[in-house]
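S.K.: Using only what follows, build the 3D model:
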Amino acid sequence: MTILDRRLALLGGLAGLSACATQPRAIPGVADAPRLPHVQAHMRRLFDITVCTRPFRPAGPRLDTEMLGDTLVVHNYGHGGSGWSLSWGSATIVLEKALARGDKNLAVIGCGALGLTTAVLALRQGCAVTLYAKDLMPNTRSVRATGSWTPDSRIALQGPAGPAFGDLWERMARITWKSYRSYLGVAGNPVEFGDRYALSDVPFSEGNAKYYPPNNLGFAHYGSRIADLVPGGETLSGAANPFPVPHVRRSSNLQFNVASYGHTLLREFYAMGGKMEVREFHDPSEFTQLKQKVVINCTGYGARDLWKDESLVPVRGQIGWLVPQPEVTYGVNYRGVQMIPRSDGIVIQMLEGGDMRGYNDASETVDRAETAEGIARIAELYSRMR
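M.R.: Coordinates of the predicted model:
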């Protein structure tokens, strides 16, 4: 199954796309296409290119515990492209383990999606929390994420994960989905729903191997387990199709405006008494030097060096940022490129190659030509629209 097929199956549309607010829709009974503002897809509107490294583990996220002397370490890393999407559920599971011996004075290592969410949830449960991090939220890899609800995006390989992981994944996904409900409608729109359109030159049933070739690794896909949660999609045809492409699906998806959402979490963290200390760890033994004797390790891809966890595989992802267009409130996936409008910019990301794109590539060097190609494909689409 390709990355496009998987996302369509999960959300009745594309979980890899995101957008904001609501769209003008056709009046019931009138077969008119919605009027969609055009994206100004030009290199002259490009103001940044960012690269992230997703921390993938074939067996799935590491959520186990171990003792270092008298210090209990609970791990919470290795979520691939699903960190934001599973954050609250993952935090719930590791906190159950962290609090099992009754000590509520916790250290959390890492200020990315998993670390900050875990710290906030611990504070809500009455814990005293000190968050230690080398990089604070604006500079973490998590901030460079696409910001879409993609709970099984390169989360595990079917074989190494084993049959039991599906139940654990489902629990994390359901908890997180419900947790995000409380952030809808909050000032700054940290979390919101939006329409997105999957476009194809060939029938979706045929797949599109040109842009999303199959792979032999066997990525695990669990989306069907939460089909009762996510909104369904619809096929648009004839006059209801606003695009110059024969095959179109529309769905609604959850999106995280990461800049706004990150600041929202930080405000909550400090308001509840959380403490932050900028600190870099070079060896696990340094955890035993902390005054806290329960440590939750949320170091993401950094765990590969810190914990010598060579099971972690880097998955490179690059995003081009176009000047925001508040009037554009829908996402598009077309010919291996996704366009996502966020409050902090319009995201252009190349997906061609499917799940294998960026796999085992730790480079964080910007490839300007990649972004230029993505912008060109989106520009060509709009050049054919009315």
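
S.K.: From now on I want contacts and neighbour counts done on CA atoms only, so please keep to that.
M.R.: Fine.

S.K.: What distance do you get for the closest residue to Gly188 other than its chain neighbours to Pro246?
M.R.: Excluding its sequence neighbours, the residue lying closest to Gly188 (C-alpha to C-alpha, 6 or more residues apart in numbering) is Ser260, at 6.1 Å. Ser260 sits 36 Å away from Pro246, taking C-alpha to C-alpha, to the nearest Å as the criterion.

S.K.: Which of these two has more residues huddled nearby?
M.R.: Taking other C-alpha atoms under 10 Å, Ser260 and Pro246 do not tie; Ser260 has more neighbours (17 against 14).

S.K.: And the strand or helix carrying that one, what does it pack against?
M.R.: Ser260 is part of helix 258-271 when elements are defined by DSSP states H and E. Judged by 3 or more C-alpha pairs under 8 Å, 6 or more residues apart in numbering; DSSP states H and E, helix 258-271 is in contact with helix 113-124.

S.K.: one step back: so the helix holding Ser260 versus helix 113-124, what angle?
M.R.: On the basis of axes from the mean of the first three to the mean of the last three C-alpha atoms, to 10 degrees, helix 258-271 is oriented at 30 degrees to helix 113-124.

S.K.: for the next helix or strand after helix 258-271, the distance to its chain's centre please.
M.R.: Using DSSP H and E, the helix or strand that directly follows helix 258-271 along the chain is strand 275-278. Averaging C-alpha positions (C-alpha atoms, centre = their mean, to the nearest Å) puts strand 275-278 25 Å from its chain's average.

S.K.: What residues of strand 275-278 count as buried?
M.R.: Residues Met276 are the ones in strand 275-278 that count as buried (16 or more other C-alpha atoms under 10 Å).

S.K.: Please name every helix or strand in contact with it.
M.R.: So strand 275-278, by 3+ C-alpha pairs under 8 Å, 6+ apart, packs with strand 128-133.

S.K.: So in that sheet, which strands flank the strand it packs on, and in what orientation?
M.R.: strand 105-109 (parallel), strand 275-278 (parallel) (DSSP bridges).

S.K.: And for that strand, what's in contact with it?
M.R.: When contacts are defined by C-alpha atoms under 8 Å, 6 or more residues apart in numbering, strand 128-133 is touched by residues 104-111, 115-116, 119, 122-123, 273-280.

S.K.: Pull out the C-alpha coordinates of it and format them as CSV.
M.R.: The C-alpha atoms that make up strand 128-133 are tabulated as CSV, following Å, rounded to 0.1, in the frame of the first residue of the first chain:
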residue,chain,number,x,y,z
ALA,A,128,6.4,18.5,40.1
VAL,A,129,8.1,18.7,36.7
THR,A,130,11.5,20.0,35.6
LEU,A,131,12.0,19.8,31.9
TYR,A,132,15.7,19.6,30.7
ALA,A,133,16.5,20.3,27.1
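
S.K.: So for the helix or strand following that strand, mean pLDDT?
M.R.: Downstream of strand 128-133, the first helix or strand assigned by DSSP H and E is helix 158-161. Here helix 158-161 scores 96 as its mean pLDDT.

S.K.: what's the pLDDT at the residue nearest to Gly188?
M.R.: 93.

S.K.: give me every residue that touches Val39.
M.R.: Taking C-alpha under 8 Å, 6+ apart, we find Val39 in contact with 325, 328, 379, 382.

S.K.: element containing the third one, please.
M.R.: Per DSSP H and E: Ala379 is located in helix 368-383.

S.K.: which other residues reach that helix?
M.R.: Helix 368-383 is contacted from outside by 38-43, 49, 244, 318-320, 334-335, 337, 339, 348-350, using C-alpha under 8 Å, 6+ apart.

S.K.: from those residues, which ones fall inside strands?
M.R.: When DSSP state E defines the strands, the subset of those inside them is 49, 318-320, 334, 337, 339, 348-350.

S.K.: Help me confirm that Asn297 comes into contact with Asn76.
M.R.: Yes: between Asn297 and Asn76 there is a contact under C-alpha atoms under 8 Å: 5.7 Å.

S.K.: Contact partners for Asn241?
M.R.: The contact partners of Asn241, by C-alpha under 8 Å, 6+ apart, come to 32-33, 248.
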